[in-house]
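**Q** Sequence and predicted structure are below.
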Amino acid sequence: MPDAPVIPALTVAVAAVAIALAVAGGVLAARDLRPGKPLLQGVLLLQLLLLAQAAVAVFRLVGGERPVETGAFVGYLVVSVLLVPGGLIWSFEEKSRYGTMVLAVVCLVVAVLQERLDSLWSVLA
Amino acid sequence: MPDVRNDVAAGPGRLLVAVYGVFAVAASSRAGLQLATVFSEAPVAYLLSAFAALVYVVATVALARSARRVALVACGIELVGVLVIGTVSLLLPQAFPDQTVWSAYGLGYGLVPLVLPVLGLLRLRATAPLSR
């Protein structure tokens, strides 16, 4: 019986926050608005959660737990902590609604990544 | 600094490049992993995946920097690739024992591989400088 997911509560929290932010970003973009302070704070919170999750995952990998596809898992983990900073930098200069949409898409990708991370971790070697 | 109307990566182009970037990273990490670990299982499919990944990276950078000619070639290769490989993968499934991004017109990736080059080419046309 494989171990529980990376850290179930954290993975679910990350996915929930990411989806909520993606929806909020979509609504703002539909109303032709740029991301306001609340959305940016939410994105910051998301990044902190992602970093916490990555830290726990690295800790457990170093502790000897290995998903069957360790390479893929680490790849997804690296991408998961780089997506939000990348999206922020890329959307920063865009003053139209499309900057907001970039953030929304990034959050959506983060949510999808959680599913991938979770399913990879659930098959331990 | 080019005119904003000729900047491929401004406005909707910003979003397009972001999606291209995500795809470039996803495709190249997957291809890299396949080449490194299970290459011998399906060399043709994995080499094709690696080639597709490379084209996505080139297209992303070219669109982001408004390098029109390179972007045009990259998007063109993608469109031809997804149409040809998509068709071949449906007619001769045994030729592709493992999926590539372009198999079945990119159905495994929500048809994004089919839509992206079309949007890229449209964006290039929409921002083309008037040279008459």
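**A** On my side now, so go ahead.

**Q** so what's the most centrally placed residue in chain A closest to, chain neighbours aside?
**A** Residue closest to the mean C-alpha point of chain A, counted by C-alpha atoms, centre = their mean, is A:Val110 at 3.2 Å. Once its chain neighbours are removed from consideration, A:Val110 has its nearest residue in A:Ala18; the separation is 4.3 Å (C-beta to C-beta, 6 or more residues apart in numbering or on different chains). Every residue, glycine included, has its C-beta placed from N, CA and C.

**Q** ok now do that neighbour, which residues does it touch?
**A** Taking C-beta atoms under 8 Å, 6 or more residues apart in numbering or on different chains, we find A:Ala18 in contact with A:Leu46, A:Cys107, A:Leu108, A:Val110, A:Ala111, A:Gln114.

**Q** Run through the residues of chain A sitting next to chain B.
**A** Chain A comes close to chain B at residues A:71-72, A:75, A:79, A:83, A:86-87, A:90-91, A:94, A:96, A:98-99, A:101-102, A:105-106, A:109, as judged by C-beta under 8 Å from any C-beta of the partner chain.

**Q** what do you get if the cut-off is 6 Å, keeping everything else the same?
**A** Within chain A, the positions adjacent to chain B are A:Gly71, A:Ala72, A:Gly75, A:Trp90, A:Glu94, A:Ser96, A:Tyr98, A:Met101, A:Val102, A:Val105, A:Val109 by C-beta under 6 Å from any C-beta of the partner chain.

**Q** residue ranges with poor pLDDT in the chain?
**A** I'll assume chain A. Per-residue confidence for chain A (pLDDT under 70) gives these ranges: A:1-7, A:125.

**Q** You answered for a different chain; I wanted chain B.
**A** Under the criterion of pLDDT under 70, the regions of chain B flagged as low confidence span B:1-3, B:97, B:131-132.

**Q** still on that earlier bit, okay, and the residue nearest to the centre of chain A sits in which element?
**A** Assigned by DSSP states H and E, A:Val110 belongs to helix A:97-121.

**Q** Show me what that helix is in contact with.
**A** Surrounding helix A:97-121, the residues in contact under the criterion C-beta atoms under 6 Å, 6 or more residues apart in numbering or on different chains are A:5-6, A:11, A:14-15, A:18-19, A:21-22, A:25-26, A:28-29, A:32, A:34-35, A:67, A:69, A:72-73, A:76, A:80, A:83, A:87, A:90-91, B:11-12, B:14-15, B:18, B:22.

**Q** now these: which count as buried?
**A** Buried by 16 or more other C-beta atoms under 10 Å in any protein chain shown: A:5-6, A:11, A:14-15, A:18-19, A:21-22, A:25-26, A:28-29, A:34-35, A:67, A:69, A:72-73, A:76, A:80, A:83, A:87, A:90-91, B:11-12, B:14-15, B:18, B:22, out of the contacts of helix A:97-121.

**Q** Which ones among the residues you listed map onto helices?
**A** Among these, the members falling in helices (DSSP state H) are A:11, A:14-15, A:18-19, A:21-22, A:25-26, A:28-29, A:72-73, A:76, A:80, A:83, A:87, A:90-91, B:12, B:14-15, B:18, B:22.

**Q** any idea how far the residue nearest to the centre of chain A is from B:Arg5?
**A** With distances taken as C-beta to C-beta, to the nearest Å, A:Val110 is found 32 Å from B:Arg5.
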